[in-house]
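# Return a 3D structure for these sequence lines:
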Amino acid sequence: MLTEVKPIEHFKDLVSSAIKHQKIQTNEMAEFYLSSLLANFIFTEKLSSEPLAITYIKALGSGKEVQIRHMKQLGDLSLFTSGFFSDSLKRKIVDIDYYMSMGISSYSYVASIHKEGRSASPLSALFSELAEKFGLFVDVLTEVSEKSRLTSSKDILRVYERWLRTKSAQAERMLRELGIEPHNVSTSTLQ
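Residues are numbered from 1 along each chain as shown. Predicted coordinates for the structure are as follows:
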């Protein structure tokens, strides 16, 4: 008998497992948000072809409701891309640092808007946590990606290059599990 697995349930299990494996302190709301984000990105129409900076500028020039929507989408896209496709960013004009900065900035902006005029808004707290722990949540999504077999966890060099660029605790842990002690090396050319 075949049973239907709903994407949100599938990703909730993977996200929860990755958060526990990486010993990240977070709340249920952030965990659910990450699971929902992944379930929503199953549909490729969620991916925008517009450069992040253009979306950011458009959002800033809009009314408050549009700002919230665009900044949230920008943070979500930055988080998803950083977690699932960080290896592909090294061949782009902008790298993972750009995506991570844009995501942190976008989520911080959404948190500040939700904080206006209210004390301790749950949405303000959620988006503040997403901004503050952005790098940790990128590691969570990277682990989910690898467990979902959407990226190769066997490519040791790729994991090492990711660790060199981001100093990701999750990439470092993977290297150590493979018996490799990561060391910073200079990549400048010899003259």
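# Can you tell me, leaving aside adjacent residues, what's nearest to Phe32?
Closest residue to Phe32 apart from its sequence neighbours, by CB to CB, 6 or more residues apart in numbering: Lys12 at 7.1 Å. All C-beta spots, glycine's among them, are computed from the backbone N, C-alpha and C.
# so that neighbour touches Glu31, yeah?
Yes. Using CB atoms under 8 Å, Lys12 is in contact with Glu31, at 7.4 Å.
# still on that earlier bit, work out the gap between the helix or strand encompassing the residue nearest to Phe32 and the centre of the chain.
Lys12 belongs to helix 7-21 when assigned by DSSP states H and E. Distance, stretch centre to chain centre, for helix 7-21: 14 Å (CA atoms, centre = their mean, to the nearest Å).
# For that helix, which helices and strands make contact with it?
For helix 7-21, the packing partners by 3 or more CB pairs under 8 Å, 6 or more residues apart in numbering; DSSP states H and E come out as helix 28-40, helix 134-147.
# Let me have these in TSV, extended by distance to Gln170, mean neighbour count and mean pLDDT.
Below are the helices and strands packed on helix 7-21 laid out as TSV (distance: least, CB to CB, whole Å; neighbours: other CB atoms under 10 Å; pLDDT from 0 to 100):
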stretch	distance to Gln170	mean neighbour count	mean pLDDT
helix 28-40	14	18	93
helix 134-147	3	23	90
